[in-house]
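Novice: How does the following fold in three dimensions:
(2 chains)
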Amino acid sequence: MKIAIIDDSVFMRRLVRAAFAQASPGAEITEFAEAETALAELPALAPDLITVDMLMPKLHGLEFLARLRQQARQPRVIVVTADIQKSIRERCAELGVTEFIEKPITFDKLHATLTRLLAA
Amino acid sequence: MNDNPTPSPAALDALCELVNIGVGRAAAALAELTGRTVAIAVPTVEVVRFDHPSQVADLQQGITLRVSQAFTGGLSGQALLILNSQGAQRLAELLLGKPPGDGSFDANDQAALLELGNIIIGGVIGRLVDHLGVSVNYDLPMLQLRGVSDVVDLISDLVGPGQTHLLLMRASLSIAAEHISGYLILLAGGPLEELFQKIESSLNPC
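Specialist: Have a look, this model is predicted:
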């Protein structure tokens, strides 16, 4: 299992990484602080699942998702964001997001979500 | 432009309730992240002249931490999370699971508080704009340590040129046992008449 975490907040990346590490021991986890860098490296990395924030410097999460959809390989996507607007949710759904998780996300909540998704 | 834009009592009440709901959610988020009980006070909403600001007595205690985040679109302005400096440090410790009294306030602490501000602000603004049927784009949140004695000093760098009035929505959040106290402040910019009109419309959807 290959997982990519894309969030400019080191605090959130650590939290998400810890939850993944417990929900999917042995998973290969890669972190990206910038969405642009992630887009460039995802084809070679070929993750099965990614988590992505919406509000990030340089490239907004929605733009990231739109450009991700143009890539050959389509991983499952979990959006983890504080931007809980209905318009953002709707756009994420249109862009094929598997799960939309509102921040704050605690370790327990995230772990439960990941366990459910990974079992599916 | 109206020299003294005033919302109707109904619009003011609706705005207060919307902010109250958002702040309640913010308190729940804070409680979830820290494992502590968070107390909130009923928010106040007022139109203030920028040259006659209200005083924020609780902030007259020296250096204060401020997380600010601008938003534009169907609603525009600034949202601020203000914390007393001692409280900011303790809050960072709680978020990161660090022991109390560590004394440091490093990049990890700042990243945690920045993210907290983003979460709280996103929750409050998200509810508000959804109710108004509009959407906004956020700038990245910014964290600053400031010497603060009143609202003017707190917000002076955030007010647009030529802006004379602001809609100031303010709510307090505190974790008494940890000596953490703070405010969530929303500053609505742009033509306030337009905002009041949107609120009025949202009260009468038909």
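Novice: Check which helix or strand whichever residue of chain B sits closest to chain A maps to.
Specialist: Chain B approaches chain A most closely through residue B:122 (3.3 Å), counting by C-beta to the nearest C-beta. Heads up, the C-betas are built off the backbone N, CA and C, glycines and all. For residue B:122, the host element (DSSP states H and E) is helix B:107-132.
Novice: got the buried residues for that helix?
Specialist: Neighbour-count burial for helix B:107-132, counted by 16 or more other C-beta atoms under 10 Å in any protein chain shown, picks out B:108-132.
Novice: What residues does chain A have near chain B?
Specialist: A:8-12, A:55-57, A:81-88, A:102-104, A:106 (C-beta under 8 Å from any C-beta of the partner chain).
Novice: sorry, back to before: what's near enough to touch the closest residue to the residue of chain B closest to chain A other than its chain neighbours?
Specialist: Of all residues not flanking residue B:122 in the chain, residue A:82 sits nearest, at 3.3 Å (C-beta to C-beta, 6 or more residues apart in numbering or on different chains). Contact criterion C-beta atoms under 8 Å, 6 or more residues apart in numbering or on different chains gives A:54-55, A:102-104, B:115, B:118-119, B:121-123 as the residues in contact with residue A:82.
Novice: if we can go back for a sec, which of the residues of chain A next to chain B are buried? Put it as a ChimeraX command.
Specialist: Provided next is the ChimeraX selection string for whichever of those are buried by 16+ other C-beta under 10 Å:
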select /A:8,9,10,11,12,55,56,81,82,83,84,85,87,88,102,103,104
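Novice: among the residues of chain A next to chain B, which are in strands?
Specialist: A:81, A:102 (DSSP state E).
Novice: In the chain, what residue spans correspond to helices?
Specialist: Went with chain A since none was named. A:10-23, A:35-45, A:61-68, A:86-94, A:107-119 (DSSP state H).
Novice: could you do chain B instead?
Specialist: B:9-34, B:85-96, B:107-132, B:151-155, B:192-203.
Novice: for the shortest one, what is the average pLDDT?
Specialist: Averaged across helix B:151-155, the pLDDT comes to 66.
Novice: thinking again about what came up before, please determine how far the residue of chain B closest to chain A is located from residue B:186.
Specialist: 12 Å (C-beta to C-beta, to the nearest Å).
Novice: Tell me, what's the model's pLDDT at the residue of chain A found nearest chain B?
Specialist: Proximity of chain A to chain B (C-beta to the nearest C-beta) peaks at residue A:82, 3.3 Å away. The model reports residue A:82 with a pLDDT of 91.
Novice: what does residue A:62 give?
Specialist: Value for residue A:62, per-residue pLDDT: 96.
Novice: can I assume residue A:60 is in contact with residue A:54?
Specialist: Yes: if you go by C-beta atoms under 8 Å, residue A:60 and residue A:54 touch, sitting 6.6 Å apart.
Novice: So these two - more neighbours on which side?
Specialist: residue A:54 (26 against 18; other C-beta atoms under 10 Å in any protein chain shown).
Novice: what about the closest residue to the more buried one other than its chain neighbours, how many residues close to it?
Specialist: Leaving aside its chain neighbours, residue A:54 sits nearest to residue A:61 (3.5 Å; criterion: C-beta to C-beta, 6+ apart). For residue A:61, the number of neighbouring residues by other C-beta under 10 Å comes to 26.
Novice: My guess is residue A:61 contacts residue A:55. True?
Specialist: Yes: proximity of residue A:61 to residue A:55 meets the contact threshold set by C-beta under 8 Å, at 7.0 Å.
Novice: overlap in contacts of the two?
Specialist: What both residue A:61 and residue A:55 touch, as defined by C-beta under 8 Å, 6+ apart, is the set residue A:81.
Novice: mind listing what the residue nearest to residue A:54 touches?
Specialist: Here residue A:61 is in contact with A:35, A:52-55, A:79, A:81 (C-beta under 8 Å, 6+ apart).
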